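**Q** this one's structure only:
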C-alpha cells in the first residue's frame, strides 16, 4: 500500500490512480441490535489472512453475555478489531443470510468510487495485512485492536472504478479456472476412495497399533509466520498434511538459534498424521514424497506413523482414509474450540484398519494411487495458476501491469 515508482508506457494509467485514505471509499455502517433472550442468532467470525468468513454455530440470546450484537449484512466490508493485525478482514458475499457478530466486528458500506469485488481482492493482499498490523494499538498480542477511525485513516493507492471492475474480471477468470480444477480434484478424490472401499468389502480389521512399529512426534518451536527460504530450516504447519497429500510449502521458518531433535526431521517416505486440526481435518494421513526438501521438521501437532513389516506404507495411507477409519478418528477428537481438536496417540492406535496380505495391500494401494494421479495433476495445475494469479495481482496493484476497461497492457 505504498506509492509506485517508475516511468514508461503505464504513466498515463498511473495518473488515473489516486492515493487517499480508506474514508474516501468506505463509510462506517454498523447495524446494532439488542439481544433478545427468546431469539437464536446465526453468528459469524472473520478468518485471518483474508480467507473469508467463519460460520459459527447459532447462539441463543438466553445463553450469551452480550447485550448487543452487530448485524452483518451482505456486500459489506467487515474486520475483527481484535485480530485485525492477523489480516482478519473480508467482504461479505452478496448471498449472505442474516448473520450476527459481537461489536468487535465493525462493518463498512462502499461509497460510489469503490467496487466491493476489488476490495475483496485487496483484503487478500499482504499490503492490506501490513497496514492493519501497523494500525493495531494496545498492550500486546491479543489485546491489540484496530479502531474504525484508525482503519479509515489507512492510505491506499486506488485505481478509478472502471479499472477496479476490470481487475476483478481478470482475476475472476483465473479464479474460475482454479475452482474448476479444485472441483476436479475433489471428484477424483471421491472416485479413488470408492475404488478403495470397493476393493476391501468385508475385510476383517485389526487395530492400527498392532501393526505399527512406532509413533513419533515433534515439538512446538519458535518460528516465524513466513515459510523457510532457501537453505533455511522450517517446521510443518498442520495444513501441510491433508488426506493423501503432503504440502511442504505449508511450513514456517525456524527462528535463528532454534534447534529441533533429529527424530523430528521429516524424511522421504514418512507416513504423517495430523494429531490436531479442525474437526473435519484432524487425523488426515499422507506420505512424504521422495523429493521432499531437506530441513523440515515435525511440530507437536503432526505425528509420524512407522509401519511394521506387515503393513505397506502406501496401503496405510489408503486404509486411514477409509470411512471406518475416518469415522473413528473424527469421533475420537476432543476439544473445546471450533478451530482445533486433538486425537491422542492411544486413540490413533485403536483405529480399525483392514489387513489383507502384504501383496494384496500393494495391489490395492497401486490401484488407488493410479486413479489419484489425475487428481495430483489437477492439484499441481491449480497450484501453478495460484502462483500466476499472485504474480498478476502484484503487477496490477504496483502498476507494472497497466489495465484498461477493454484490455490488459504490459
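**A** Nice, I can see it. Worth saying up front: this structure is predicted, and the values here are computed from it rather than measured.

**Q** Name the residues of stretch 26-40 that come out as buried.
**A** 26, 30, 35 (16 or more other Cβ atoms under 10 Å). All C-beta spots, glycine's among them, are computed from the backbone N, C-alpha and C.

**Q** so which one among those residues has the lowest pLDDT?
**A** pLDDT across the buried residues of stretch 26-40 is lowest for residue 30, at 93.

**Q** on that earlier part again, show me the buried residues of stretch 26-40 that map onto strands.
**A** residue 26 (DSSP state E).

**Q** could you dump the buried residues of stretch 26-40 to JSON lines with distance to residue 165?
**A** Below are the buried residues of stretch 26-40 laid out as JSON lines (distance: Cβ to Cβ, whole Å):
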{"residue": "26", "distance to residue 165": "17"}
{"residue": "30", "distance to residue 165": "27"}
{"residue": "35", "distance to residue 165": "39"}
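
**Q** Spell out which residues make up each domain of the chain.
**A** Here the domain assignment for the chain is 18-158, 160-203+356-410, 207-352, based on automatic domain parsing.

**Q** from what I can see residue 244 touches residue 373, true?
**A** No. Residue 244 is not in contact with residue 373 according to Cβ atoms under 8 Å; the separation is 11.1 Å.

**Q** still on that earlier bit, identify, from the buried residues of stretch 26-40, the entry nearest to residue 260.
**A** Using Cβ to Cβ, residue 26 is the member of the buried residues of stretch 26-40 that sits closest to residue 260, with 44.6 Å.

**Q** got the contact list for the closest one?
**A** By Cβ atoms under 8 Å, 6 or more residues apart in numbering, the residues touching residue 26 are 77, 108-111, 114, 119, 152.

**Q** which residues of the stretch 101-250 of the chain score low on pLDDT?
**A** 139-143 (pLDDT under 70).

**Q** just curious, which of the contacts of residue 26 is nearest to residue 48?
**A** Once Cβ to Cβ is applied, the member of the contacts of residue 26 that ends up nearest residue 48 is residue 77, at 15.7 Å.

**Q** My guess is that closest one contacts residue 105. True?
**A** No. Counting by Cβ under 8 Å, residue 105 is not a contact partner of residue 77; they are 10.8 Å apart.

**Q** Tell me where the stretch 101-250 of the chain has helices.
**A** Ranges of helices within the stretch 101-250 of the chain are 116-122, 126-135, 148-152, 161-199, based on DSSP state H, counting those that start in this stretch.

**Q** In a markdown table: these, plus distance to residue 271.
**A** What follows is the helices of the stretch 101-250 of the chain, written out as a markdown table (distance: least, Cβ to Cβ, whole Å):
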| stretch | distance to residue 271 |
| --- | --- |
| helix 116-122 | 39 |
| helix 126-135 | 34 |
| helix 148-152 | 46 |
| helix 161-199 | 16 |
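
**Q** Need the winner for burial among those helices.
**A** Per residue and on average, the most neighbours among the helices of the stretch 101-250 of the chain fall to helix 116-122, with a mean of 21 (mean count of other Cβ atoms under 10 Å).

**Q** ok, residues contacting it?
**A** Residues contacting helix 116-122 (Cβ under 8 Å, 6+ apart): 25-26, 75, 77, 90-91, 110, 128, 156, 159, 164-165, 167-168, 171-172, 393.

**Q** Tell me which residue is most central in the chain.
**A** residue 51 (6.8 Å; Cα atoms, centre = their mean).

**Q** Could you pull up the contacting residues of residue 396?
**A** Counting by Cβ under 8 Å, 6+ apart, residue 396 has contacts 167, 170, 403.

**Q** Closest one of those residues to residue 320?
**A** Taking the contacts of residue 396 together and measuring to residue 320 by Cβ to Cβ, the closest member is residue 170, at 41.0 Å.

**Q** Provide the backbone phi and psi angles at the closest residue to residue 312 other than its chain neighbours.
**A** Spatial nearest neighbour of residue 312, excluding adjacent residues (Cβ to Cβ, 6 or more residues apart in numbering): residue 361 at 4.2 Å. In terms of degrees, to the nearest 10, the main-chain angles of residue 361 are phi -60, psi -50.

**Q** Can you give me the distance of residue 361 to residue 196?
**A** 11 Å (Cβ to Cβ, to the nearest Å).

**Q** With residue 254 instead?
**A** Residue 254 is 37 Å from residue 196, where distance means Cβ to Cβ.

**Q** ditto for residue 307
**A** 17 Å.

**Q** Residue 33 looks like it's in a strand, true?
**A** Yes. Applying DSSP: H, G, I helix; E, B strand; the rest coil, one finds residue 33 inside a strand.

**Q** Hmm, it is touching residue 66, no?
**A** No. The pair formed by residue 33 and residue 66 falls short of the contact definition of Cβ under 8 Å, at 10.3 Å.

**Q** Now do the strands for the stretch 251-400 of the chain: every range, in order, please.
**A** Secondary structure of the stretch 251-400 of the chain by DSSP state E, counting those that start in this stretch: the strands cover 251-253, 271-274, 276-277, 285-287, 296-297, 302-307, 334-337, 340-342, 352-354.

**Q** All set now, cheers.
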